[in-house]
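Peer 1: quick one, structure for this:
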Amino acid sequence: MNLPQLLQHAHSGQVDELNLISIEGGIYLLEIRHNDQPQLLRDEQGKTLRLRSVEHARDLLKELPALPFYLIHAVVHEEMCGLPAGPQQRLRVPISMACQW
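Peer 2: Numbering: from 1, shown residues only. Modelled structure (predicted):
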């Protein structure tokens, strides 16, 4: 889904939530939950759009109506020595779509 499609779906009430996924290297991906199916935000060429920060995402999404918006961090415990193995849940924190300053 690209940004114009996201805007259209959000304004018609078809977006369930947005998840800003933080990955290694300071890269963020925007996951759109539409009809309970995850889709990543893509650019006009169909490539996954890489965002630089939470503020970059907020600026990109400023025309959207208020939606549930979460910051997601993967759990790194599996890569560390000495910690128990087993399933770990990712950190999921609600954040505001509006700029905080």
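Peer 1: centre of the chain versus the lowest-mean-pLDDT helix or strand in the chain, how much separation?
Peer 2: Least confident helix or strand of the chain, by mean pLDDT, DSSP states H and E, is strand 91-94 with a mean of 91. Remark: strand 91-94 is offset 11 Å from the chain centroid, using CA atoms, centre = their mean, to the nearest Å.
Peer 1: got it, and stretch 18-33?
Peer 2: 4 Å.
Peer 1: do the same with stretch 47-67
Peer 2: That offset, for stretch 47-67, works out to 8 Å (CA atoms, centre = their mean).
Peer 1: cool, and stretch 6-25?
Peer 2: 6 Å.
Peer 1: what does stretch 26-39 rub up against?
Peer 2: 1, 6, 9, 14-23, 40-41, 48-54, 56-57, 60, 72 (CB atoms under 8 Å, 6 or more residues apart in numbering). All C-beta spots, glycine's among them, are computed from the backbone N, C-alpha and C.
Peer 1: and the residues you listed, which of them are in helices?
Peer 2: If you go by DSSP state H, the contacts of stretch 26-39 have 6, 9, 54, 56, 57, 60 in helices.
Peer 1: the third one is in contact with residue 96, isn't it?
Peer 2: Right, residue 54. No: assessed by CB atoms under 8 Å, residue 54 is found out of contact with residue 96, at 9.5 Å.
Peer 1: those two: which is more packed in?
Peer 2: Taking neighbours as other CB atoms under 10 Å, residue 54 and residue 96 compare with residue 54 leading, 17 against 10.
Peer 1: report the contact partners of that one.
Peer 2: Per CB under 8 Å, 6+ apart, neighbours of residue 54: 20, 28, 71, 95.
Peer 1: any idea how far residue 31 is from the residue positioned nearest the centre of the chain?
Peer 2: Nearest to the geometric centre of the chain sits residue 20, at 2.0 Å (CA atoms, centre = their mean). Between residue 20 and residue 31 the computed distance is 8 Å (CB to CB, to the nearest Å).
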